[in-house]
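Peer 1: Build the 3D model from these lines:
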Amino acid sequence: MISAPLDQFTTKRKTELDGANGMDGKKARVDQPSKVLHVRGLPPDVTDDELIAIACPFGRVANVLSLKGKGQAFIQMQDLLAATNLVQAYNSVQPSIRGRPIWFQYSNHEEITAPHSGGSGSGTDGANHVLLVTIMNAIYPITVDVIQQVFSKFGTLHKVIIFNKNGQIQALIQYASVHEATAAKIALEGQNIYSGCCTLHLQYSQLAQLTVKYNNDRSRDFTNLALPAQPPTAAVGMALVHQQQPAGMQWQQQQQMSRAPVLSHPSAMNVGMAPMNAMYAAPASPGAQFQPMQIGGYQMSAGYAAVPQSSQAAMQQLAAAAANQQQGRTVLIVSNLDPERVVLDELFMLFGVYGDVMRIKRLFNKPDTCLVQMTNALHAQLAVDYLNGAPLHGRPLRINFSKHPSISLARPDLDPNAAMTGAAPQPNLTKDYSGSPLHRYKLANSKNLQHINPPSSVLHLSNLPPGIQEEQLRQLFSQYGTVIAFKFLGPNQAAAQAAPQPEPQKKMGLLQMDSVNSAVDALVALHNYGFDVGGRHVYLRVSFSKLKLQ
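Peer 2: Purely as a prediction, here's the structure:
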């Protein structure tokens, strides 16, 4: 029931339900479509971010009004089409927030006019209409046009500034409202602009306003397109931003632009869109146009409204995908494995390339299927993005999110044989890797996240023992396929012997196998391979490379 004070915050719509059968129109179910939706069954302390997260896959969220303590809220979508798609989809798939089922229906209000954090400036919980975006592993050029293609789908862009710092590309993006910035942050965190590269990390900026002096490939004021152009320079970002605020805020802006990027993981409430590498096909050459974004049978328009292309099943698929991501699931179901060659430690090695693996369980009744639990939702999404369809022992993997929230451990096995990865001893069907020393991302803000590549025939080898010869490595890797080429990286062998160091310098190399399948098989078998060097072990590190030798 809508309380009386709410009327001053909404524009009411007259319907035929008013007074029908002696009932107040407010209490009757409203079936006439409206872009303002009523949500019930919410947690009492639900946040605007959680509401935006569950609604933004269907279109831009224009406003949110929460009825604190009542478990209800109103969400205003950008247009009637977005609201209709949301209601139809969530009538087929049960949405939930924090495990609690919620229900959507049309409201008898035409608009939410309440003052809210959707205006310019900062909102609650540090939300802001200015985002600081870090683009990691940027292979293709990042220009204002690229930023506009990706970020304009979530709202109206006012200003964009791109700058380079510490070898990485960063951008300050100012939206018209906090809600638009929040929707972009929720949907794009951890996604790729192009397939396998240009990974986005987003955080709220502490800046209240940006001032742009020039419109070019590195900066643009969309509210004033008459600004002159100037050839971009490496320092253009620092030169263009001037705060019309006290000196303290000016210093704060300079600190933010000079600070090294801080990686974070999406929280459990984050809804990603379908992976960005599914939204946009990598261009054949830098500067090529993006392909239209398509999710669950919908082609998303520039306004980010879902345009139905097939049937109700497509909307169900979209809603299911949104609900999956919204709950931050970390357990994956991996099928089409070779039942005769399933080794949990090998799966740990492979999935560990894209995130830290906590537990793996082989299904007793499905010998070609395993459950893999990652540390967090970001690592799980990366594993799905990069490994779904990748070959292992000659069979393409089939990976999806599991309905299970976690993998339970069975009674510990008393078998004294320890796994080569350092996993705690468990029954043959389940292993716990939470304490493994081989996690690649166990350090906070690990730079390894910046160097993730899809499976390829070229492997990057690091931590090679001093004095090792190319022939030794070729012989080692040839057990898993034909070695096409090899190249040492760093100081050559002759230089190392001519000028020995007190501690011999560790080397790296690139090794190309005859196929991606051979490279995958070699990685899962030889990552952490131990070389005996003078009575101590040196452990090989293997990962996929984006470089080509031939």
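Peer 1: So the closest residue in space to residue 197 that isn't next to it in sequence versus residue 352, what's the distance?
Peer 2: What sits nearest to residue 197 in space, not counting adjacent residues and going by Cβ to Cβ, 6 or more residues apart in numbering, is residue 139, at 4.3 Å. For every residue, glycine as well, the C-beta is placed using N, CA and C. To residue 352, residue 139 is 23 Å away according to Cβ to Cβ, to the nearest Å.
Peer 1: more neighbours, the two?
Peer 2: Higher neighbour count among residue 139 and residue 352: residue 352, with 26 against 14, using other Cβ atoms under 10 Å.
Peer 1: Touching, the more buried one and residue 438? I think so.
Peer 2: Yes - with contact defined as Cβ atoms under 8 Å, residue 352 counts as touching residue 438 (6.5 Å).
Peer 1: Give me the three-state assignment for the closest residue in space to residue 97 that isn't next to it in sequence.
Peer 2: Nearest non-adjacent residue to residue 97, counting by Cβ to Cβ, 6+ apart: residue 50, 5.4 Å away. At residue 50 the chain is in helix, as set by DSSP: H, G, I helix; E, B strand; the rest coil.
Peer 1: Residue 376 versus residue 50, what's the distance?
Peer 2: Applying Cβ to Cβ to residue 50 and residue 376 gives a distance of 17 Å.
Peer 1: What about the residue nearest to residue 97, how many residues nearby?
Peer 2: Neighbours around residue 50, by other Cβ under 10 Å: 25.
Peer 1: Surely it is in contact with residue 95?
Peer 2: No - using Cβ under 8 Å, residue 50 is not in contact with residue 95, being 11.1 Å away.
Peer 1: how about the nearest residue to residue 132, chain neighbours excluded?
Peer 2: Here the residue nearest residue 132, using Cβ to Cβ, 6+ apart, is residue 205, at 4.4 Å.
Peer 1: list the contacts for residue 541?
Peer 2: 461, 462, 463, 527, 528 (Cβ atoms under 8 Å, 6 or more residues apart in numbering).
Peer 1: Among those residues, which are located in helices?
Peer 2: With helices taken from DSSP state H, there is no overlap with these.
Peer 1: In CSV, list these along with pLDDT, distance to residue 168 and neighbour count.
Peer 2: Putting the contacts of residue 541 into CSV (pLDDT from 0 to 100; distance: Cβ to Cβ, whole Å; neighbours: other Cβ atoms under 10 Å) gives the following:
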residue, pLDDT, distance to residue 168, neighbour count
461, 95, 25, 24
462, 92, 21, 14
463, 91, 25, 14
527, 95, 27, 23
528, 93, 29, 19
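Peer 1: So, low pLDDT: which residues of the stretch 401-550 of the chain?
Peer 2: Low-confidence segments of the stretch 401-550 of the chain, defined by pLDDT under 70, span residues 410-428, 444-447, 449-450, 491-506, 550.
Peer 1: where do the helices sit along it?
Peer 2: Here the stretch 401-550 of the chain has its helices, by DSSP state H, counting those that start in this stretch, at 470-477, 493-498, 516-526.
Peer 1: packing partners for the longest one?
Peer 2: Packing contacts for helix 516-526, counted by 3 or more Cβ pairs under 8 Å, 6 or more residues apart in numbering; DSSP states H and E, involve helix 344-351, strand 391-392, strand 458-464, helix 470-477, strand 541-544.
Peer 1: what angle sits between the fourth one and helix 516-526?
Peer 2: Direction vectors for helix 470-477 and helix 516-526, defined by axes from the mean of the first three to the mean of the last three Cα atoms, to 10 degrees, enclose an angle of 100 degrees.
Peer 1: sorry, back to before: just say which of the helices and strands packed on helix 516-526 is most tucked in.
Peer 2: Among the helices and strands packed on helix 516-526, ranked by average contacts under mean count of other Cβ atoms under 10 Å, first place goes to helix 344-351 (a mean of 23).
Peer 1: C-alpha coordinates for that one, CSV please?
Peer 2: Extracted as CSV, the C-alpha positions of helix 344-351 are listed here (Å, rounded to 0.1, in the frame of the first residue of the first chain):
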residue,chain,number,x,y,z
LEU,A,344,41.2,-32.6,-10.3
ASP,A,345,44.7,-31.2,-10.0
GLU,A,346,44.7,-30.5,-13.7
LEU,A,347,41.4,-28.7,-13.5
PHE,A,348,42.9,-26.7,-10.6
MET,A,349,45.9,-25.7,-12.8
LEU,A,350,43.7,-24.7,-15.8
PHE,A,351,41.0,-22.7,-13.9
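Peer 1: Give me the contact list for that helix.
Peer 2: For helix 344-351, contacts defined as Cβ under 8 Å, 6+ apart pick out 332, 334, 357, 360, 362, 370, 372, 374, 383, 387, 392, 419-421, 423, 431, 433, 436, 438, 520, 523-525, 527-528.
Peer 1: now the strands for the stretch 151-300 of the chain?
Peer 2: Using DSSP state E, counting those that start in this stretch, the strands found in the stretch 151-300 of the chain span residues 157-165, 168-175, 192-194, 197-204, 219-221, 294-295, 298-300.
Peer 1: Tell me the strands beside the second one, with direction?
Peer 2: Each strand that pairs with strand 168-175, with its direction, by DSSP bridges: strand 130-136 (antiparallel), strand 157-165 (antiparallel).
Peer 1: I'd like the helices of the stretch 401-550 of the chain as a markdown table, with distance to residue 70 appended.
Peer 2: As requested, those are arranged in a markdown table below (distance: least, Cβ to Cβ, whole Å):
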| stretch | distance to residue 70 |
| --- | --- |
| helix 470-477 | 63 |
| helix 493-498 | 71 |
| helix 516-526 | 53 |
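Peer 1: Can you say which of the ones you listed is nearest to residue 397?
Peer 2: Closest to residue 397 of the helices of the stretch 401-550 of the chain is helix 516-526 (Cβ to Cβ; 9.5 Å).
Peer 1: Report the buried residues of that closest one.
Peer 2: Of all the residues in helix 516-526, those buried under the rule 16 or more other Cβ atoms under 10 Å are 516, 517, 518, 519, 520, 521, 522, 523, 524, 525, 526.
Peer 1: sorry, back to before: out of the helices and strands packed on helix 516-526, nearest to residue 78?
Peer 2: helix 344-351 (38.1 Å).
Peer 1: ok, back up a step: return the per-residue confidence for the residue nearest to residue 97.
Peer 2: You'll see residue 50 listed with a pLDDT of 81.
Peer 1: Quick one: the helices and strands packed on helix 516-526 as TSV, columns for distance to residue 192 too.
Peer 2: Shown next, in TSV, are the helices and strands packed on helix 516-526 (distance: least, Cβ to Cβ, whole Å):
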stretch	distance to residue 192
helix 344-351	18
strand 391-392	21
strand 458-464	19
helix 470-477	29
strand 541-544	15
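Peer 1: Can you say which of the ones you listed is nearest to residue 510?
Peer 2: Comparing those by their distance to residue 510 (Cβ to Cβ), the top pick is strand 458-464, with 5.9 Å.
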